[in-house]
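> When you get a sec, could you give me coordinates for this:
(chains A and B)
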Amino acid sequence: MKIPENVKYTKDHEWIRVEGDSGWIGITDYAQGELGDVVFVEVPKVGTKLFKGKSFGTIEAVKAVSDLYAPVAGEVVELNKVIQDSPDVVNKDPYGEGWMVKIKIADKNDLGSLLDAAAYKSLTGK
Amino acid sequence: MKQTAFYEIHKALGAKIVEFAGFEMPVQYSGIIDEHLTVRNKVGVFDVSHMGEFEVRGKDALQFLQKVTVNDVSKLTQGKIQYSAMCYADGGIVDDLLVYNVGGHYMLVVNASNIDKDFKWLQSQLKGDVQLKNVSDDFSLLAIQGPRSRELLQKLTDVQLAAIEYYHFKRGTVAGVPMIISRTGYTGELGFEIYFDATPVTGKKVWEAIFAAGKEFGVAPIGLGARDTLRLEMGFCLYGNDIDQTTHPLEAGLGWITKLDKGEFLGREPMLKAKESGLKRKLVGLTLPEKNIARHGFPITSKGSAIGQITSGTFSPSLQKSVAMGYVGSSYGEPGSCITVSIRGKDIQATIVKVPFLQK
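Down below sits the predicted model:
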């Protein structure tokens, strides 16, 4: 199971990769493994405001559905069009091609409460 | 928790194991969609040893089965299999099952989750010279399903598999192991189910022979996850989802196995009445325009009024769309009609279609 060092994690198994005040959000390798084959990712339109810890979308897998929670507050500035046609990239490349939304982070202080790779690793018990 | 004879094999293959009906069972190996397509295009092997088997013997066995099952067992000659259901007196379904005429006695194959319930129910209905025995732990059961299944198994047996018709079986050996070779399955594909000695040593021998013989056909192990998507594409009912003690066979679309004119049987009276007065609801197939999945228990509405509930739903890997089954009031059940499914608070228009979803 991959837990890269260059992203921050939530207890709900999302990750966020930060560059400046931009953040890319997706789900972790652990999460995609637990969900199984992802068939649909429902995310809000560009311009939508996200609130830290609140659900902003859903991931449909064959066996189960899961909410997506915002790691930090922000505004959606870009959607990953690849996952609409090929949702299986979430399984194949959860930290790369499988990103879901890009946001403009509202307050970078929010990042302080997120987990680093070591803390996330102990959370998943792997 | 129980394990089948193949448990160590599943673990060694890296299967994701879940608890199902008191057994530790493989839910997936490579992934549900991949496994699903293997069965549709090549051949897959399912461990379904958790299913229950009962033997029914005695002079009055036929009479007993005529009373407790809805299909006409008098038509079930040796070597044949019947899909059937057991009902309570009120028509509610105890379980759906297969009935085998093994010659001299019958074998019932029931859902794993219902083994204890079914056995107690059947015991409570015993009358005359009938011996009922739960032999579930004596059998391993593998399902070999897919267009290449016959070629694969033929390499391991002298039994002429092409001569076994659908819902018939023969006794013979596969990989040197004596077994019942049954031309049945839960996938809609050409396929066989084989019943044999439950010891792990025998299981390993049969499993390894099948995978060696099947290599050239691209054989792969298939978990319970794909078993569910495969059966749902065919519109086959799953007990506990689409049928249960609150539904009767006619509204579940199982009129074709319910022989109301065969004479008295449990559940017949209420079903005759329901048929006379017109069915109140029926199980229908639905397709959804988006890839949201309509899951068990989601409400179905029409013009704002509740008209029913989803019983099963999934993403169909073959059709690449969201499909579901559910009960609706009979007046809404015409194919082509539009209804609304509420998916976590969001209303999605769905269209009623005939099952099977996948036309074979």
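
> Find the nearest non-adjacent residue to the closest residue to chain B within chain A, please.
Using Cβ to the nearest Cβ, A:F40 is the residue of chain A that sits closest to chain B, at 3.5 Å. Quick note: C-beta positions are derived from backbone N, CA and C, even for glycine. Nearest residue to A:F40 in three dimensions, chain neighbours excluded: B:K291, at 3.5 Å (Cβ to Cβ, 6 or more residues apart in numbering or on different chains).

> Helix, strand or coil: sort out the residue of chain B found nearest chain A for me.
Residue nearest to chain A within chain B: B:K291 (3.5 Å; Cβ to the nearest Cβ). Assigned with DSSP: H, G, I helix; E, B strand; the rest coil, B:K291 falls in the coil class.

> you'd agree the residue nearest to A:F40 is up against B:V323?
No: checked against Cβ atoms under 8 Å, the pair B:K291 and B:V323 is beyond contact range at 10.8 Å.

> Which pLDDT value belongs to the residue of chain B closest to chain A?
Looking at B:K291, its pLDDT reads 89.

> For it, the count of nearby residues, please.
B:K291 has 17 neighbouring residues, counting by other Cβ atoms under 10 Å in any protein chain shown.

> Quick check: residues of chain A near chain B?
By the criterion of Cβ under 8 Å from any Cβ of the partner chain, the positions of chain A lying close to chain B are A:36-37, A:39-40, A:42, A:58, A:60, A:62-63, A:65, A:87-88, A:91.

> These into JSON lines, with extra columns for secondary structure and pLDDT?
Formatted as JSON lines, the residues of chain A next to chain B follow (DSSP: H, G, I helix; E, B strand; the rest coil; pLDDT from 0 to 100):
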{"residue": "A:G36", "secondary structure": "coil", "pLDDT": "95"}
{"residue": "A:D37", "secondary structure": "coil", "pLDDT": "96"}
{"residue": "A:V39", "secondary structure": "strand", "pLDDT": "96"}
{"residue": "A:F40", "secondary structure": "strand", "pLDDT": "95"}
{"residue": "A:E42", "secondary structure": "strand", "pLDDT": "94"}
{"residue": "A:T58", "secondary structure": "strand", "pLDDT": "96"}
{"residue": "A:E60", "secondary structure": "strand", "pLDDT": "96"}
{"residue": "A:V62", "secondary structure": "coil", "pLDDT": "94"}
{"residue": "A:K63", "secondary structure": "coil", "pLDDT": "89"}
{"residue": "A:V65", "secondary structure": "strand", "pLDDT": "94"}
{"residue": "A:P87", "secondary structure": "coil", "pLDDT": "95"}
{"residue": "A:D88", "secondary structure": "coil", "pLDDT": "95"}
{"residue": "A:N91", "secondary structure": "helix", "pLDDT": "97"}
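
> How confident is the prediction for residue 122, by pLDDT?
Went with chain A since none was named. We have a pLDDT of 95 for A:S122.

> wrong one, chain B
Confidence score, pLDDT, at B:L122: 98.

> Kindly report the same for B:K360.
pLDDT for B:K360: 79.

> residues in contact with it?
B:K360 is in contact with B:188-189, B:234, counting by Cβ atoms under 8 Å, 6 or more residues apart in numbering or on different chains.

> re the thing from before, and the residue nearest to A:F40, backbone torsions?
For B:K291, the backbone dihedrals are phi -90, psi 10 (criterion: degrees, to the nearest 10).

> That one and B:I115: what is the separation?
To B:I115, B:K291 is 36 Å away according to Cβ to Cβ, to the nearest Å.

> Could you do B:Y106 as well?
17 Å.

> show me where chain A has strands.
With DSSP state E as the criterion, chain A has strands at A:8-9, A:14-19, A:22-27, A:38-42, A:49-50, A:55-61, A:65-69, A:74-79, A:101-105.

> what's in contact with the longest one?
Strand A:55-61 has contacts (Cβ under 8 Å, 6+ apart) with A:27, A:35-44, A:48, A:50, A:65-70, A:90, A:100-101, B:291-293, B:315, B:344.

> May I have the beta-bridge partners of the residue of chain A closest to chain B?
Note on A:F40: beta-bridge partners by DSSP bridges are A:E60.

> got the contact list for it?
A:F40 makes contacts with A:59-60, A:87, B:290-293, B:315, B:322, as judged by Cβ under 8 Å, 6+ apart.

> please redo it, this time with the cut-off set to 6 Å
A:60, A:87, B:291 (Cβ atoms under 6 Å, 6 or more residues apart in numbering or on different chains).

> Spatially nearest residue to the residue nearest in space to the middle of chain A, not counting backbone neighbours?
Residue closest to the average C-alpha location in chain A (Cα atoms, centre = their mean): A:G26, at 2.2 Å. Closest residue in space to A:G26, ignoring its immediate chain neighbours: A:W99 at 4.4 Å, by Cβ to Cβ, 6+ apart.

> so that neighbour makes contact with A:W24?
Yes: contact criterion Cβ atoms under 6 Å: A:W99 and A:W24 qualify, at 4.6 Å.

> quick one, which of those two is more surrounded?
Neighbours per residue (other Cβ under 10 Å) separate A:W99 from A:W24, with A:W99 holding more: 24 against 19.

> ok, B:Y83 - contacts?
So, once contact is read as Cβ under 6 Å, 6+ apart, B:Y83 ends up touching B:I257.

> Pull the contacting residues for the residue nearest to the centre of chain A.
A:G26 makes contacts with A:15, A:94, A:98-100, as judged by Cβ under 6 Å, 6+ apart.

> hmm, try it at 7 Å
Shown in contact with A:G26 (Cβ atoms under 7 Å, 6 or more residues apart in numbering or on different chains): A:14-15, A:94-95, A:98-100.

> Narrow those residues to just the buried residues.
The neighbour count (16 or more other Cβ atoms under 10 Å in any protein chain shown) marks A:14-15, A:94-95, A:98-100 as buried among these.

> out of those residues, who's nearest B:R281?
Nearest to B:R281 out of the buried ones among the contacts of A:G26 is A:M100 (Cβ to Cβ; 39.3 Å).

> B:I181 pairs with what?
B:I181 forms beta bridges with B:K170, B:I194, as assigned by DSSP bridges.

> Pretty sure it sits against B:I194.
Yes: if you go by Cβ atoms under 7 Å, B:I181 and B:I194 touch, sitting 5.6 Å apart.

> list residues touching both of the two?
Residues touching both B:I181 and B:I194 (Cβ under 7 Å, 6+ apart) are B:V174.

> Which residues of the stretch 151-300 of chain B lie near chain A?
Selection of the stretch 151-300 of chain B residues close to chain A by Cβ under 7 Å from any Cβ of the partner chain yields B:225, B:229, B:291-293.
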